[in-house]
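[1] Sharing a model that was predicted from the sequence below.
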Amino acid sequence: MVHTATFEIVAGASRLGQENVTISDTATGWLITSSGRLIPPVDLTTSRVEVTYTRDWQPQRLTIDGTSRGATFGVLVTFTEAAASFTLDQSGNRTTAVHKVSPRTLVLPTNIFSTYEVLAIRLSTAQVGARFPIYTTGENEMTVTLNTVTPRRMTSPEGTVDLRQCDVTFTQQGGTSPGEVWLDKDGYLARFVLPAQGIAAIRNDLTSVMMREERIKHVGDEQVFIPSTGFSLAGTWTKPAGATGRLPAVVLVGSGAQDRDETAAGIPIFGQLAGALADSGYAVVRYDRRGSGQSGGRTENATLTTYADDVVRIVEWLVARKDVDKNRIAIVGYGEGGPVAMLATSRAKAVGALALLGAHGSTGREVALEVQQQELIRAGASEGERTAKIALQNRVFDAMTTGKGWDMIPPEVRRASDTPWFRSFIVFDPAATLTKVPQPMLIVHGALDQQVLPAHADRLERTAAARKPSMRTTTKKAVIPGVSHLFVPLQVGDGGQTTLQSKAISPMLVSVLTAWLKDAIPPKK
């Protein structure tokens, strides 16, 4: 049996190169061959890599032919159960050595990621706790230990791919480092990640912009594409199981370029919330923000208003659906999605109610300064350093709002700050926007939120309560004890250290939100 694959190698957000691999499973053993090219700083071209194993995974021979930083080289290693006889020919010089190895060691030469197909195959039948020796062509072996196995699923308009994520630990004399080895249903390598180095090898059929990880799935989920301005927003439409007739609907609006599930710390916040709301009788749409996930559109010139335009398009899409009660539509904004939700609600007259979860209550300028002050304190900056950095930040904000004074700002600081989105965020004022929001409002905050301090809920409550009264204008606030910005339980230990107690969002958040929705967008009598 023969299996072939092509891997894209990335470092951070940059493409590092590509490798092609063939695995031949024969009656006498295994043959892995590959070739590839990695650009600088690695600067490695392999015209041929060949590793042979017996049926029981005893390595027999490793051959590498290629160039490294412009110099041609060749590697030949032959194996016994106890030793690896190593030969390197480079630039007319030959180096030989005999390295001590363990029986059935895995041969994984440095920077040749296609050879990790062997690790994937071995892990595919291993139990948690299994440990394997690794030979990298150096003097000392490493070991890799299987820690956990987690089912994963990637989805695209063409279908789904079921995977397993194996979390492993690599151990060598210098210490340990984590890794992820993702396997397909046949046990072949789908993705390999070294988080500490920011390096990943991803099989090219999983690199499409239309491919996304499905972190959570509900019975009533449906993949949808919603027309926006010149492109489509990709989302998940979740309905209550067995629902018929016109349903109340909720739009979940998240932060920046996050995915539709609003995943943070491995917790799909919106994915969980959508399921809980559907169980309570509400249809829910969550979506990939423009320019991310499966959504189209560009982000370089996007502003808060631009993102609000997308939400308005989603509301229009809901109004046009025959299974939605157009008189019972609510928007829920979370974190940095709060300003977007406020702007969209002020413009989309079909929206009947607005909820803000962990949202800011101050101007964007005040929020940014608050965040910077907290970061400087955590970093141990002196009072003088904090004063200087805050003064520089204020000069940047003055230049952003007036267009004057950029000549006094370091160029690298301007490049990082002077963007359309950040300018729109800095000048955003919840008080000004909420004067145009007559709808009922709910403000929910985690009592242990350290990302957006609970005082912001108080400010939003005062601002909302000061709105011009109408028949619809009501305001409710809820602070949920013991939960973080992610709305999951948080334990505070000695010295203020915090740890997540669970990856499930607080049931109290769900009960507060559903009880409010029942009153804010009630069915017609």
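    Done, it's in.

[2] Residue 393 contacts residue 371, correct?
    No. In this structure residue 393 lies outside contact range of residue 371 using C-beta atoms under 8 Å: 10.1 Å. Any C-beta I mention is one placed from the backbone N, CA and C, and that applies to glycine too.

[3] helix, strand or coil for the closest residue to residue 458 other than its chain neighbours?
    Leaving aside its chain neighbours, residue 458 sits nearest to residue 361 (7.1 Å; criterion: C-beta to C-beta, 6 or more residues apart in numbering). Secondary structure, DSSP: H, G, I helix; E, B strand; the rest coil: residue 361 is coil.

[4] one step back: residue 393 and residue 371: who's more crowded?
    residue 393 (17 against 14; other C-beta atoms under 10 Å).

[5] picking up where we left off before, just give me the neighbour total for the residue nearest to residue 458.
    Neighbour count of residue 361, defined by other C-beta under 10 Å: 26.

[6] Please determine how far it is located from residue 443.
    To residue 443, residue 361 is 8 Å away according to C-beta to C-beta, to the nearest Å.

[7] Tell me the secondary structure at the spatially closest residue to residue 241 that is not a sequence neighbour.
    By the measure of C-beta to C-beta, 6+ apart, the closest residue to residue 241 outside its immediate chain neighbours is residue 219, 4.9 Å from it. Here residue 219 is recorded as coil under three-state DSSP.

[8] before we move on, the earlier item: list residues touching both of residue 361 and residue 443?
    Taking C-beta atoms under 8 Å, 6 or more residues apart in numbering as the contact rule, residue 361 and residue 443 both touch 457, 460.

[9] Show me this protein divided up by domain.
    Here the domain parsing of the chain from automatic domain parsing is 2-206, 215-362+429-520, 364-425.

[10] Quick check: residue 473 vs residue 347, distance?
    17 Å.

[11] show me where the stretch 351-500 of the chain has strands.
    Counting by DSSP state E, counting those that start in this stretch, the segments of the stretch 351-500 of the chain that form strands are 351-357, 441-446, 475-480, 490-492, 498-500.

[12] ok, of these, where does mean pLDDT dip lowest?
    With a mean of 70, strand 498-500 has the lowest mean pLDDT of the strands of the stretch 351-500 of the chain.

[13] Please enumerate the helices of this protein.
    For the chain, the helices defined by DSSP state H cover 117-123, 269-279, 304-320, 337-347, 364-378, 383-402, 411-417, 420-427, 430-434, 455-465, 507-520.

[14] ok, and the closest non-adjacent residue to residue 176?
    Excluding its sequence neighbours, the residue lying closest to residue 176 (C-beta to C-beta, 6+ apart) is residue 169, at 5.4 Å.

[15] I meant residue 259, not that one.
    Closest to residue 259 by C-beta to C-beta, 6+ apart is residue 293, at 5.1 Å.

[16] Neighbours of that neighbour, how many?
    A count of nearby residues for residue 293, using other C-beta under 10 Å, gives 21.

[17] Same question for residue 51.
    Every residue meeting other C-beta under 10 Å relative to residue 51 is counted, giving 27.

[18] Would you mind measuring from it to residue 383?
    Distance, residue 51 to residue 383, using C-beta to C-beta: 59 Å.

[19] just residue 31 next, same as before
    Residue 31 sits 65 Å away from residue 383, going by C-beta to C-beta.

[20] Just want to know which of the two has more residues nearby.
    More crowded of residue 31 and residue 383, by other C-beta under 10 Å: residue 31, with 17 against 9.

[21] Pull the contacting residues for the more buried one.
    22, 23, 24, 50, 51, 52, 53.

[22] Point out where the stretch 401-525 of the chain drops to low pLDDT.
    Within the stretch 401-525 of the chain, the stretches with pLDDT under 70 are 471, 493-498, 525.

[23] Ends of stretch 450-459, what's the gap?
    For stretch 450-459, the first-to-last residue distance is 16 Å (C-alpha to C-alpha, to the nearest Å).

[24] Contacts for that stretch next, please.
    Applying C-beta under 8 Å, 6+ apart, the set of residues contacting stretch 450-459 from outside is 335, 358-362, 367, 370, 430, 443-447, 477, 479, 484-485, 498.

[25] Nearest residue to residue 232 in space, please, no chain neighbours.
    residue 225 (4.2 Å).

[26] thinking again about what came up before, and the domains of the chain, which is most packed in?
    domain 215-362+429-520 (a mean of 19; mean count of other C-beta atoms under 10 Å).

[27] ok, back up a step: need the contact list for the residue nearest to residue 232.
    Under the criterion of C-beta under 8 Å, 6+ apart, the contact list for residue 225 reads 232, 233, 234, 235, 294.

[28] Point to the residue nearest the middle of this structure.
    Taking C-alpha atoms, centre = their mean, the centroid of the chain lies closest to residue 263, which sits 6.1 Å from it.

[29] which residues touch that one?
    Here residue 263 is in contact with 215, 269, 271 (C-beta under 8 Å, 6+ apart).

[30] For the last one, give me its contacts.
    Think residue 271. By C-beta under 8 Å, 6+ apart, the contact set of residue 271 is 215, 216, 260, 261, 262, 263, 286.

[31] Residue 263 versus that one, what's the distance?
    Noted for residue 271: a distance of 8 Å to residue 263, by C-beta to C-beta.

[32] And the first one, by the same measure?
    According to C-beta to C-beta, residue 215 stands 6 Å off from residue 263.

[33] and which of the contacts of residue 225 is nearest residue 326?
    Nearest to residue 326 out of the contacts of residue 225 is residue 235 (C-beta to C-beta; 18.2 Å).

[34] Pretty sure the residue nearest to residue 458 sits against residue 428.
    No. In this structure residue 361 lies outside contact range of residue 428 using C-beta under 8 Å: 11.6 Å.

[35] Can you give me every residue that contacts residue 488?
    By C-beta under 8 Å, 6+ apart, the contact set of residue 488 is 267, 500, 501, 502, 503, 504, 505, 506.

[36] The first one pairs with what?
    Partner residues in beta bridges with residue 267, using DSSP bridges, are residue 264.

[37] quick one: average pLDDT of stretch 391-398?
    Rounded mean pLDDT across stretch 391-398 is 90.
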